[in-house]
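In: sequence plus predicted model, see below.
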Amino acid sequence: MDFQLSDDQRALRSAMRDLLGAAFDRDGLRAAVERGGGVDRGLWRELGAAGFFALRLPEESGGVGLGLPEAVLLFEEAGRALLPGPLVATHLAAGLVKGAAEGEAVVTASQGGGLPVADLRGADAVLVAGGVLTGEELAAFVAGARPVRSMDPLTPLHRAEGLVAAAEAYPGALRGEGALLTAAEQLGSAARTTEMAVQHARTREQFGSLIGSFQAVKHLCADMLARTEPARGAVYAAAVTGDPVEIAAAKLLADDAAVRNARDCLQIHGGMGFTWEADVHLHLKRAWLRAARWLSAAEAEEILAAGLGPVRPLYGGSAALG
């Protein structure tokens, strides 16, 4: 089986990178930070026109007719760019919520388990375990929510109260798809922070030498790559198989790569990496936030453990008792 990307898949990924580079460059990122995150409706419509949300809808339903492997490539690019907004929920809602596929509607999701809801105030619908909240139900849900401080300046959060907030959001296949697409975003962030660290190490001088020549810095960069590429293989494979156990493994590896790579990137940048003007801390904060979304580490570990089957003794008979 050939897991190399096809020419069409490479072209799709390249087109999305070009689109985000033009519509959400670093100036756009910093402007989003200054306004406190949230959804840029104009950019949302551009994504809709490019087929980002309707990618997996059948062509007869107005979609592109592609699958999870292609969706993973687009979400990886979104993760590289730190694109804000409830991308995963809106993508999953295409075909369920009017306007979601075209980028005319913004859809977020209630994750359940007491987790805050992202981008609630600007949402046109909320995915919940029992279906979709719109209209008066949505208005009542929003009215009962209170803002909470978010570690990510690009992701406003609200804590919702009541039965809907306590319910488990989207068990089963749809939850798995959400976890996989989130893992793809984490993969993109991990790859981007690796590139940022290497670029900085190649240009920053200390003690009369480029810091990239120092063995400790080389090891950090190598470790970042060694975390990113296994995560990439796991995410791409899970997108092909759709297996819940493989999705859980992909989410674990991608979360770990995104968080630890951002930390190492901060270390390589030194004091300037902690400044507000640098972008490194934004990757770390978003990675922390994503790690708890759709499938937490504890939940993924439980799925992996269950996939191992029942525990059996290593030896049978009385000899096992000594």
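Out: Cool, the structure landed. Every value quoted in this text rests on a predicted model; they were computed, and no experiment measured them.
In: pLDDT below threshold where in the stretch 1-150 of the chain?
Out: Along the stretch 1-150 of the chain, the model assigns pLDDT under 70 to residues 1-3.
In: which residues in it form strands?
Out: Assigned by DSSP state E, counting those that start in this stretch, the strands in the stretch 1-150 of the chain fall at 107-109, 117-118, 125-128, 131-133, 146-148.
In: do the same with the stretch 201-322 of the chain
Out: 205-206, 209-210.
In: okay, now Gly114: neighbour count?
Out: Neighbourhood size, Gly114 [other C-beta atoms under 10 Å]: 10. (C-beta placed from N, C-alpha, C; glycine too.)
In: follow-up on the earlier one: Gly273: which of the strands of the stretch 201-322 of the chain is closest?
Out: strand 205-206 (13.9 Å; C-beta to C-beta).
In: what sits against Leu127?
Out: Going by C-beta atoms under 8 Å, 6 or more residues apart in numbering, Leu127 touches 89, 92-93, 96, 107-110, 169-170.
In: as TSV, these with distance to Gly67 and neighbour count would be great.
Out: Below are the contacts of Leu127 laid out as TSV (distance: C-beta to C-beta, whole Å; neighbours: other C-beta atoms under 10 Å):
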residue	distance to Gly67	neighbour count
Ala89	19	29
Leu92	14	24
Ala93	18	26
Leu96	18	14
Val107	21	27
Thr108	24	25
Ala109	21	29
Ser110	26	26
Ala169	23	24
Tyr170	19	22
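In: can you list which of these are found in helices?
Out: If you go by DSSP state H, the contacts of Leu127 have 89, 92-93 in helices.
In: so which of those residues comes closest to Ala11?
Out: Leu92 (24.6 Å).
In: let me know whether that closest one touches Gly178 as I believe.
Out: Yes: between Leu92 and Gly178 there is a contact under C-beta atoms under 8 Å: 6.0 Å.
In: with the ones in helices among the contacts of Leu127 in mind, which one is nearest to Leu253?
Out: Taking C-beta to C-beta as the measure, Leu253 lies nearest Leu92 of those, at 21.9 Å.
In: avg pLDDT for the helix ranked longest in the chain?
Out: Longest helix in the chain by number of residues (criterion: DSSP H): helix 173-203. Mean per-residue pLDDT for helix 173-203: 92.
In: joint contacts of Leu92 and Gly178?
Out: Ala109.
In: coming back round to it: quick check: of the ones in helices among the contacts of Leu127, which lies closest to Gln215?
Out: Of the ones in helices among the contacts of Leu127, the one sitting nearest to Gln215 (C-beta to C-beta) turns out to be Ala89, at 44.2 Å.
In: how far away is the closest residue to Gly21 other than its chain neighbours from Asp279?
Out: Using C-beta to C-beta, 6 or more residues apart in numbering and skipping the chain neighbours, the partner closest in space to Gly21 is Ala81 (7.8 Å). Counting by C-beta to C-beta, to the nearest Å, the separation of Ala81 from Asp279 is 11 Å.
In: mutual contacts of the two, please.
Out: In contact with both Ala81 and Asp279: Leu29, using C-beta under 8 Å, 6+ apart.
In: of the two, who's got more company?
Out: Set side by side, Ala81 and Asp279 show more neighbours around Ala81, with 22 against 18, by other C-beta under 10 Å.
In: nearest to Gly65, of the strands of the stretch 1-150 of the chain?
Out: Proximity to Gly65 (C-beta to C-beta) singles out strand 107-109 among the strands of the stretch 1-150 of the chain, at 20.9 Å.
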